[in-house]
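Novice: sequence and predicted structure are below.
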Amino acid sequence: MIVTRNPKTVKLATGQIIIGDSNGLGKAISLSGDITGINQSGVATVVSASTSTAGKVQLSNLYNGTSQTKATTEKALNDAYTSIQSDLTTIRGSISSNRTNYVVADQTALNALTGVAVGDLIFITDDGDSHWADYVVTAVDGGGAVTSKVKIADYNGLVNSLGGAPLSTGSDTVTVTNNSVTLTHAPSGGLSSVLNFGFARIVTTSGESYDVALVATGVSTVFDLDPAPQGANGDFDGETAYIQYMY
């Protein structure tokens, strides 16, 4: 005997579809999520994407469009990058061919300049800290006076990039007293920061010159003179000493 089971009829409401359940029977469900419906031809309707809703989106090769429902392709990004690089090359070429370099003593002299153009370079001998600095002009007024600039290099930045603290060079001319000299500043590394291998140049009133070694004392700015070059007493008192050092 062959027994047959009557197929179960599933009633659908508008917008529902049939799927198989765990018993192999049909089940009516309503659509949710990104798919909002399927027509009688089996074509699904998907939610369109927006800035606030996830969904389908159309690709675009435009990089300068205004649509908020399209996605930019790699080609569009590459086109934008190529365009920007081309523009930058043109700008650099224009600035480079027309750039003027200025050298001024200080900020006061810089502010007094006229006829300056954007992109010009200005080297300042003393940027307010007794050291040089280099600026590029970013804006000028109608008369070519600098209204905005950007520092692109300076002494302290250079020295720091080399791993050391900012240093200055001292060149003192002093009179020998009690066979010693007193410097204006303390050499940064003590005797090792005195140039010319730690020697002072002594010039006597009679015009004789001696290169005399310095000897460190307990005071950072005071150095004794090695008496050997002048004989047993080494008396240079009253003579002029020239010392160069880093501080």
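Specialist: Alright, I've got the coordinates.
Novice: what secondary structure does the residue nearest the centre of the chain sit in?
Specialist: Computing the C-alpha centroid of the chain and ranking residues by Cα atoms, centre = their mean puts residue 152 first, at 8.9 Å. Using DSSP: H, G, I helix; E, B strand; the rest coil, the secondary structure recorded for residue 152 is strand.
Novice: any idea how far it is from residue 208?
Specialist: 49 Å (Cβ to Cβ, to the nearest Å). In short, each C-beta sits where N, CA and C put it, glycine included.
Novice: cool, and residue 188?
Specialist: 31 Å.
Novice: again, but for residue 244
Specialist: According to Cβ to Cβ, residue 244 and residue 208 sit 20 Å apart.
Novice: low-confidence ranges, this structure, go.
Specialist: Along the chain, segments meeting pLDDT under 70 span 1-15, 19-22, 24-26, 30-42, 44, 90-98, 159, 161-167, 227-234.
Novice: what's the domain layout of the chain?
Specialist: Domain assignment of the chain by automatic domain parsing yields the ranges 25-98, 99-161, 169-246.
Novice: residue 222 contacts residue 179, doesn't it?
Specialist: No - judged on Cβ atoms under 8 Å, residue 222 makes no contact with residue 179 at a distance of 11.2 Å.
Novice: what about residue 51, distance to residue 57?
Specialist: Noted for residue 51: a distance of 11 Å to residue 57, by Cβ to Cβ.
Novice: out of those two, which sits in the more crowded spot?
Specialist: Just comparing residue 51 and residue 57: by other Cβ atoms under 10 Å the higher neighbour count belongs to residue 57, 14 against 6.
Novice: give me the nearest residue to the more buried one, chain neighbours excluded.
Specialist: residue 49 (4.2 Å; Cβ to Cβ, 6 or more residues apart in numbering).
Novice: residues touching that neighbour, list them.
Specialist: Counting by Cβ atoms under 8 Å, 6 or more residues apart in numbering, residue 49 touches 55-57, 69.
Novice: quick one, phi/psi of it?
Specialist: phi -80, psi 150 (degrees, to the nearest 10).
Novice: would you check how far apart it and residue 74 are?
Specialist: 19 Å.
Novice: was I right about the residue nearest to the centre of the chain contacting residue 135?
Specialist: Yes - counting by Cβ under 8 Å, residue 152 does reach residue 135; the two are 6.7 Å apart.
Novice: still on that earlier bit, neighbour count for residue 188 and residue 208, which is higher?
Specialist: Neighbours per residue, other Cβ under 10 Å: of residue 188 and residue 208, the larger number sits with residue 188, 17 against 10.
Novice: now that one: how far from residue 194?
Specialist: For residue 188 relative to residue 194 (Cβ to Cβ), the value is 10 Å.
Novice: what do you get for residue 147?
Specialist: 45 Å.
Novice: kindly report the same for residue 178.
Specialist: 19 Å.
Novice: what about those two, which has more around it?
Specialist: Taking neighbours as other Cβ under 10 Å, residue 178 and residue 194 compare with residue 194 leading, 22 against 11.
Novice: and that one, how far from residue 144?
Specialist: 47 Å.
Novice: one more: residue 243?
Specialist: Distance from residue 243 to residue 144, by Cβ to Cβ: 45 Å.
Novice: so for these two, which sits in the more crowded spot?
Specialist: The neighbour count for residue 243 versus residue 144, taken as other Cβ under 10 Å, is higher for residue 243 (23 against 14).
Novice: go ahead and confirm residue 226 touches residue 211.
Specialist: No - taking Cβ under 8 Å as the definition, residue 226 is not a contact partner of residue 211, at 10.2 Å.
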